[in-house]
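1. Predicted model and sequence below, questions to follow.
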2 protein chains.
Amino acid sequence: MSHSAINFAEKFNSFSEQWSPKIIAQMNDYHFKIAKIQGEFVWHSHPETDEVFIVIHGKMRIELRDTNISLNSGEMVVIPKGVEHKPVAEEECQILMVEPAGTVNTGDAGGKMTIEQIEWI
Amino acid sequence: MSHSAINFAEKFNSFSEQWSPKIIAQMNDYHFKIAKIQGEFVWHSHPETDEVFIVIHGKMRIELRDTNISLNSGEMVVIPKGVEHKPVAEEECQILMVEPAGTVNTGDAGGKMTIEQIEWI
């Protein structure tokens, strides 16, 4: 697995569901996950870890309590641990996330958008 | 810093030297570094950590002792800790690397291509 090139486009073409991150790689105890997002996610934070978002295709917005961050393809941001945020995308956006293995997508918020078991693709 | 979008193209446009990684973001105790590479790097390994390469623009090859990995724009690979590798690029290639803060670019090999102090841009 680790000795092969991982092609983002091929991975994105292999699933269609939104807000359902898939693991594509592991580096030490961190996972690289991709997701298709559209609409509004839930407000949440990750009290134990920073979280990286990289936009691969499309554009998104990360709402914070006091500002918004717009992200286009070829841009990334680090959301510090404990900072409440809400990802939003008007049209479907393809993103890459980097965070410790076991990080829950809805963080401290839980709820119906929580993915209990994130699959490898 | 962490609350702003980081644009890869802007960052790459801000320097010209090759084989000189620059830190663009920190997530927990990991650094996101970009580099322009062309030609052959040195054989080395990182005995203490995996290392991620993501090609942002262009193409590169990572030579391993028993195979080669070709990487194009939009592709990534994880080089497991302890695995000897040599990055090569025929034409200038722009890459993003993810690894623990303090990871030395030449790993266990050292030598004149070692960058002792990696700067933030």
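-> Done, it's in. Owing to the predicted nature of the structure, the values given are computational and were not obtained by experimental measurement.
2. Need the residue closest to the centroid of chain A.
-> Geometric centre of chain A, nearest residue: A:Met97, 4.2 Å, by Cα atoms, centre = their mean.
3. Could you give the separation of the longest strand along chain A from the chain centroid?
-> Secondary structure of chain A read by DSSP state E shows that its longest strand is strand A:85-100. Here the centre of strand A:85-100 is set off from its chain's centre by 5 Å, with Cα atoms, centre = their mean, to the nearest Å.
4. May I ask which helix or strand encompasses A:Glu10?
-> helix A:8-12 (DSSP states H and E).
5. Just the residues contacting that helix, thanks.
-> A:Lys22, A:Ile24, A:Ile34, A:Lys36, A:Ile56, A:His57, A:Gln94, A:Leu96, A:Ile121, B:Gly74, B:Glu75, B:Met76 (Cβ atoms under 8 Å, 6 or more residues apart in numbering or on different chains). For glycine as for every other residue, the C-beta is placed from the backbone atoms N, C-alpha and C.
6. Out of those residues, name the ones that lie in strands.
-> Of the positions in these, A:Lys22, A:Ile24, A:Ile34, A:Lys36, A:Ile56, A:His57, A:Gln94, A:Leu96, B:Glu75, B:Met76 sit in strands, assigned by DSSP E.
7. how about the fourth one, what does it touch?
-> Applying Cβ under 8 Å, 6+ apart to A:Lys36 gives the contacts A:Phe12, A:Phe15, A:Ser16, A:Glu17, A:Gln18, A:Trp19, A:Ser20, A:Glu92, A:Cys93, A:Gln94, A:Ile95.
8. which residue sits closest to it in space, ignoring its chain neighbours?
-> A:Gln18 (4.9 Å; Cβ to Cβ, 6 or more residues apart in numbering or on different chains).
9. Which single one of the ones in strands among the contacts of helix A:8-12 is nearest to B:Ser45?
-> When the ones in strands among the contacts of helix A:8-12 are ranked by distance to B:Ser45 (Cβ to Cβ), B:Met76 comes first, at 18.6 Å.
10. Write out the residues of chain A neighbouring chain B.
-> A:2-9, A:25-28, A:30, A:32, A:49-52, A:56, A:64, A:67, A:69-72, A:74-81, A:98-100 (Cβ under 8 Å from any Cβ of the partner chain).
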